[in-house]
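In: Dropping a prediction and its sequence here:
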Amino acid sequence: MSIDMQTIEGWIARASEAGIWGEDGLIQAETGSDKAEALVYRRSVKQSGKTTFAMLKVADASREGPVFSWDRLLGIFAPGDVLKGFEGQAVELSRGKALFAPLSHANAEALRRTLPFTAPSALADQPITFGTGDRLGSAGPGHLRAMAGYRVCPVLAQQSVRELELTGRDYGQVLDAATWAVFQEGYEGPWGADGDHLKSEEWVRTALQIGFTFITADVSDYIRNEYAAADEDEVLAAYERIRAEERKRIEDTYLPLAIELDTGERIRFTREILARTVLIYAEAIRHALRLYRAGVEIKAEGAFDFELSVDETETPTTPEAHLFVALEAQRLEMKIGSIAPRFVGEFQKGIDYIGDTEEFRRTFATHAALARHFGHRVSVHSGSDKFSVFPIVGELTGGRFHIKTAGTHWLEAMKTIAAHEPQLYRRLHRAALERFEAARRYYVVTTDLDKVPSLDEIADADLPSLFEKRDSRQLIHITYGELLKDEELGPCFYDALHRHREAYCSAVELHTKHHLESLGVLRSGS
Ligand code: ZN
């Protein structure tokens, strides 16, 4: 938005009436009043030296309608002339200066330098981290309000390259949205920013240069899954083609190895399992090292979190594979913070776990024990809405894990639209049905469109109930890119979400708390 003097003068007039405006700008002590509620996010008000920072709510003239709407501006109030590094509209005060600053990239960067809690950091020593993957840039406040009451550390900016492409955003925008959310909510704890599922050295460098602090290395293109299904002769023949000295190193290391886990379980390699594991994962480990080294070029070791993800493959990660990957990483001196195995069963997007929960419990116990043995954490991807396995994750890791959610917050956004703007929801839903096949190529889902109730048979008031059903959830879940890219529907959607942002924020807060409770995350102070 452009900031005209009229908007600023209007805000100052209302602030004076509310008693929060004085000779040197915002009167911090008064910002907790009821009257201030419509003018400033009270938790955002912060002092740095003699300068006061606050997230302001300014009347939004460009939007009309029954719902009062506002836009956000950064307000900086300083005695003298110490507003270096920020851009915006300056106003001379009788004592000092005020700057009304747009939520621009330059201002987000300046804020990260000035108020360090608005910048992400490495989280290696945090027991529980929760990736939120806000695709729309507006879920952050809801996530923070939920997590404020729990012993959990948010990874607010978490986006894969695929998500960037589908939403038309870049890493700068993703990071800035998180910074503004942190500032708005006055969250001063540590938080992370995850360049999710990065496959190339170039993307690792890009994410870290912009200020991300967490890299999820995706080595799936180098995992040779064909050897998981190959018969023994084929595996041993292929293994013989590996250089003799490399084979010797591997056999000398792994064949005598017998790792005893704290669960009492022992892991040993037979010759065949070793050959198979090496064939499937050796190239992937070499690629992980390339990605890691690209990261170390930009940020020092330990200054960023490095997760190794092997989850995007067809076959579940075996205990031997987990062990092999972890031990090779150690040998190559990669500091791995977390490993994301592919678990048994199906972790489809936005719906509950599909599979045998007892089998999940049994195999997850081994992964959790391996993680303890090596000192990294288990990472659970596609973690949205997996309520039937969350208690197992919380229990068996002893409260040390990383989890990634993303799409479920987009579903909460669509549910908010369904509740408040049924006509718009119907248009979005119809477009999703039309474009489902196009969207499907990006995702592994078993959606049956015949099971999605027909819109003609649903009353407006019942539209939100669509989000209780698996097939309609997935229909909306995977078509987000198609809907957001639509020249007409995309802006309508964002506009509607803007109008109902507080309702959206509450929905995200509630849904996130549901995740935390189910995972057994302790409340702060307990
Ligand atoms: Zn993943």
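Out: Alright, I've got the coordinates. Note that the coordinates shown come from a computational prediction; the quantities given were computed from them, not determined experimentally. Residues are numbered from 1 along each chain as shown.

In: Can you tell me the number of residues neighbouring the residue in the stretch 1-150 of the chain positioned nearest to the ion?
Out: Closest residue of the stretch 1-150 of the chain to the ion, Cβ to the ion: residue 131 (10.1 Å). Where C-beta positions appear, they are placed from N, C-alpha and C, glycine not excepted. The tally of other residues near residue 131 (other Cβ atoms under 10 Å) stands at 28.

In: Now do it against residue 512, distance only.
Out: 11 Å (Cβ to Cβ, to the nearest Å).

In: cool, residue 332 as well?
Out: Counting by Cβ to Cβ, the gap between residue 332 and residue 512 amounts to 36 Å.

In: What average pLDDT does stretch 445-455 get?
Out: Per-residue pLDDT values across stretch 445-455 average out to 90.

In: dump the residue contacts of the most centrally placed residue in the chain.
Out: Nearest residue to the geometric centre of the chain (Cα atoms, centre = their mean): residue 133, 2.5 Å. Residue 133 makes contacts with 158, 159, 163, 196, 404, 405, 406, 407, 409, as judged by Cβ atoms under 8 Å, 6 or more residues apart in numbering.

In: mind listing what's buried in the strand or helix carrying the fourth one?
Out: So the one you mean is residue 196. Taking DSSP states H and E as the definition, one finds residue 196 inside strand 192-198. For strand 192-198, the neighbour count (16 or more other Cβ atoms under 10 Å) marks 192, 193, 194, 195, 196, 197, 198 as buried.

In: and the second one, bridged to which residues?
Out: Spelled out, that is residue 193. Beta-bridge pairing for residue 193 (DSSP bridges): residue 157.

In: Pretty sure it sits against residue 158.
Out: Yes: the pair residue 193 and residue 158 passes the contact test of Cβ atoms under 8 Å, sitting 7.4 Å apart.

In: Overlap of the contact sets of those two?
Out: Residues within reach of residue 193 and of residue 158 at once, by Cβ under 8 Å, 6+ apart, are residue 214.

In: Enumerate every residue touching the closest residue to residue 107 other than its chain neighbours.
Out: Sequence neighbours aside, residue 101 is the residue nearest to residue 107 in space, at 5.0 Å (criterion: Cβ to Cβ, 6 or more residues apart in numbering). The contact partners of residue 101, by Cβ under 8 Å, 6+ apart, come to 73, 74, 75, 76, 86, 87, 88, 89, 107.

In: Okay, and the beta partners of residue 101?
Out: According to DSSP bridges, residue 74 are recorded as the beta-bridge partners of residue 101.

In: Check residue 57 too.
Out: Here residue 57 sits in beta bridges with residue 72, going by DSSP bridges.

In: so it touches residue 44, yeah?
Out: No: Residue 57 lies out of contact with residue 44 (Cβ under 8 Å); the separation is 10.2 Å.

In: residues in contact with residue 348?
Out: Residues touching residue 348, when contacts are defined by Cβ under 8 Å, 6+ apart, comprise 354, 382, 444, 445, 446, 474.

In: Residue 317 now?
Out: By Cβ under 8 Å, 6+ apart, the contact set of residue 317 is 310, 311, 341, 342, 343, 367.

In: ok, the residue of the chain with the smallest separation from the ion - how many residues close by?
Out: Distance from the ion to each residue of the chain (Cβ to the ion) is smallest for residue 381, at 3.2 Å. For residue 381, the tally of surrounding residues (other Cβ under 10 Å) stands at 23.

In: Could you do residue 300 as well?
Out: Tallying neighbours of residue 300 according to other Cβ under 10 Å, which is how burial is gauged here, yields 9.

In: Confirm that it sits in a strand.
Out: No: the assignment for residue 300, made by DSSP: H, G, I helix; E, B strand; the rest coil, is coil rather than a strand.

In: Can you tell me the SS state at the most far-flung residue of the chain relative to its centre?
Out: When distances to the mean C-alpha position of the chain are computed (Cα atoms, centre = their mean), the maximum falls on residue 94, with 44.1 Å. Residue 94 carries the three-state label coil when classified by three-state DSSP.

In: now the one 5 residues further on
Out: The three-state label given to residue 99 by three-state DSSP is strand.

In: give me phi/psi at the residue lying closest to it once chain neighbours are set aside?
Out: For residue 99, ignoring the flanking residues on the chain, the nearest one in space by Cβ to Cβ, 6+ apart is residue 76 at 4.4 Å. With angles defined as degrees, to the nearest 10, residue 76 sits at phi -130, psi 130.

In: Model confidence for residue 76, exactly?
Out: Residue 76 carries a pLDDT value of 96.

In: try the one 5 residues further on
Out: At residue 81, the predicted lDDT confidence score is 67.

In: swap in the one 10 residues further on?
Out: The score at residue 91 is 92. That number is its pLDDT.

In: that older thread, tell me the spacing between the residue nearest to residue 107 and residue 58.
Out: Taking Cβ to Cβ as the measure, residue 101 falls 11 Å from residue 58.
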